[in-house]
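Trainee: Take a look and give me a structure for this.
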Amino acid sequence: MDKADKFKSTLERYIHYRGIDIVLHLKDGKVVELDKNRQMENDTVIGNLAEGVVRIPITDIRSADFFAA
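Mentor: Presented below is the predicted three-dimensional model:
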């Protein structure tokens, strides 16, 4: 399993845990904090933000931080 597959697998697993806060650091410098109503569809993370629903391709993510809530 290469690094990209391992990252996707880990991210997908934690997206389903509602007790974990996730902060995504994107390649364009933006930081996105996902709420509890998040999901993963194929290679896209879907989250509900104050601005509305966002769809973030996994290829746009530089790193992710996971925090126990």
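Trainee: show me what contacts Asn42?
Mentor: Asn42 makes no contacts at all, as judged by Cβ atoms under 8 Å, 6 or more residues apart in numbering. All C-beta atoms are positioned from the backbone trio N, CA, C, and that covers glycine.
Trainee: which phi and psi does it have?
Mentor: phi 60, psi -120 (degrees, to the nearest 10).
Trainee: Under the pLDDT cut-off, which ranges of the chain? List them.
Mentor: Low-confidence segments of the chain (pLDDT under 70): 1, 69.
Trainee: mind running it again at 90?
Mentor: For the chain, applying pLDDT under 90 flags the ranges 1-5, 7-8, 10, 14, 16-21, 34-37, 47-53, 67-69.
Trainee: any idea how far Phe7 is from Ile61?
Mentor: 8 Å (Cβ to Cβ, to the nearest Å).
Trainee: of these two, who's got more company?
Mentor: Ile61 (17 against 14; other Cβ atoms under 10 Å).
Trainee: And the helices in this protein, which stretches?
Mentor: Assigned by DSSP state H, the chain shows helices spanning 3-15.
Trainee: just how off-centre is stretch 27-38 within its chain?
Mentor: In this view, stretch 27-38 has its centroid 6 Å away from the chain centroid, taken as Cα atoms, centre = their mean, to the nearest Å.
Trainee: Residues in contact with it: which ones?
Mentor: 15, 18, 21-26, 45-49, 54, 56, 60-62.
Trainee: Buried among those? Make that a ChimeraX selection.
Mentor: Remark: buried members of the contacts of stretch 27-38, expressed as a ChimeraX selection using 16 or more other Cβ atoms under 10 Å:
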select :15,21,22,24,45,47,56,61
